[in-house]
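In: Sequence plus the predicted model coming up.
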Amino acid sequence: MTVQKVGGLAGLTCAATYLFGFAFLVTTLAPMGYGTVEIGPRAVVGFIQASPDFLILWNSVVYILNALVLAVLVVAVHARLRATTPDWAAVACAIGLIWAALVIGAGMIGNVAVERAAYFAQTDMAHAVTLWETLHAVELGLGGGNEIAGSVWIGLVSFAGLLGRSLGKITIGLGLLTGASGLMTLIPTPGDIAGAVFGLGAIAWFIAIGLTLVIEPAPS
């Protein structure tokens with residue numbers, strides 16, 4: 001199996017991790033109040049204490065698994081783009097690998113936050129709350145609370161695909177729109193909306209780029 005096809009499967013897996021994350025959030029976490037404005041840090045730690053495995057599974061899929069297959073996708077996309085736009089392909093590859101590193105870092109910190117908060121909550125709830133707030137802030141800074149690295153990579157890949165005509169119009173259009181929405185997470189007020197739009201756009205783009213790599217031959 002070629003790198004292109006493996007990368008295409010990795011892209012489809014990226015989409016699957018996003019779909020899993022949204023489904024888990026809507027069906028399991030949101031009904032319990034997790035992630036809403038109304039629930040405070042102490043209530044979050046209480047939820048973690050009761051169900052730590054839920055959040056560890058969620059973090060492991062949407063962060064860690066996503067980052068590992070994302071790295072494969074980045075390399076495969078670079079191999080496709082370098083035939084027509086080698087310089088832009090190199091820049092996009094660098095940004096993509098940075099994004100994958102940030103995502104896996106956010107996932108590992110997120111899991112440590114859950115584990116340590118659950119442990120300390122047994123004896124010192126105040127300390128557990130402070131610890132979770134601190135580690136959660138680091139997690140959000142790495143990638144859970146903004147989509148800058150991801151939006152730049154998707155945008156650059158789509159731009160290079162446009163210049164070199166190495167990607168289809170649907171993939172390019174979805175990528176440019178998704179990249180723009182991710183950059184909007186820099187603005188504090190509509191950040192949650194922009195993040196949701198980026199997530200949904202990324203699902204569609206991952207499916208599009210995955211199918212492109214699996215089905216369409218690479219340009220020579």
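Out: Cool, the structure landed.
In: dump the residue contacts of residue 116.
Out: Shown in contact with residue 116 (CB atoms under 8 Å, 6 or more residues apart in numbering): 128, 131-132, 135. All C-beta atoms are positioned from the backbone trio N, CA, C, and that covers glycine.
In: let's see it at 7 Å
Out: residue 131 (CB atoms under 7 Å, 6 or more residues apart in numbering).
In: Quick check: it vs residue 153, distance?
Out: As for residue 116, its distance to residue 153 is 31 Å (criterion: CB to CB, to the nearest Å).
In: Report the distance from the worst-scoring helix or strand of the chain on mean pLDDT to the chain centre.
Out: Least confident helix or strand, the chain: helix 41-50 with a mean of 83, by mean pLDDT, DSSP states H and E. From the chain centre to the centre of helix 41-50 is a distance of 24 Å (CA atoms, centre = their mean, to the nearest Å).
In: same deal with stretch 180-197?
Out: Here the centre of stretch 180-197 is set off from its chain's centre by 14 Å, with CA atoms, centre = their mean.
In: in the protein, which helix has the most residues?
Out: Ranked by residue count, the top helix of the chain under DSSP state H comes out as helix 86-120.
In: State the next helix or strand along the chain beyond that one.
Out: Moving toward the C-terminus from helix 86-120, the next helix or strand (DSSP states H and E) is helix 125-139.
In: Pull out the buried positions in whichever helix or strand comes after that following helix.
Out: With elements assigned by DSSP H and E, the helix or strand that comes after helix 125-139 is helix 148-164. By neighbour count on 16 or more other CB atoms under 10 Å, the buried set for helix 148-164 is 149-162, 164.
In: so where's this protein shaky on pLDDT?
Out: 30-39, 144, 188-192, 220 (pLDDT under 70).
In: how many neighbours does the nearest residue to residue 42 once chain neighbours are set aside have?
Out: Computed as CB to CB, 6 or more residues apart in numbering, the closest residue to residue 42 that is not its neighbour in sequence is residue 129, at 5.3 Å. Residue 129 is flanked by 20 other residues according to other CB atoms under 10 Å.
In: starting at the chain centroid, how far to the longest helix of the chain?
Out: Relative to its parent chain, helix 86-120 has a centroid offset of 9 Å by CA atoms, centre = their mean.
In: ditto for stretch 129-148
Out: For stretch 129-148, the distance to the chain centre is 14 Å (CA atoms, centre = their mean).
In: quick one on the thing from earlier: widest-spaced pair of the buried residues of helix 148-164?
Out: 149 and 164 (22.5 Å; CB to CB).
In: re the thing from before, between helix 148-164 and the longest helix of the chain, find me the angle.
Out: Counting by axes from the mean of the first three to the mean of the last three CA atoms, to 10 degrees, helix 86-120 points 160 degrees away from the direction of helix 148-164.
In: just the angle between helix 86-120 and helix 41-50, please?
Out: 80 degrees.
In: What residues of helix 86-120 count as buried?
Out: Buried-residue list, helix 86-120, by 16+ other CB under 10 Å: 88-89, 91-93, 95-97, 99-114, 116-118, 120.
In: Would you agree the residue nearest to residue 42 is in contact with residue 46?
Out: No: Residue 129 is beyond contact range of residue 46, at 9.4 Å (criterion: CB atoms under 7 Å).
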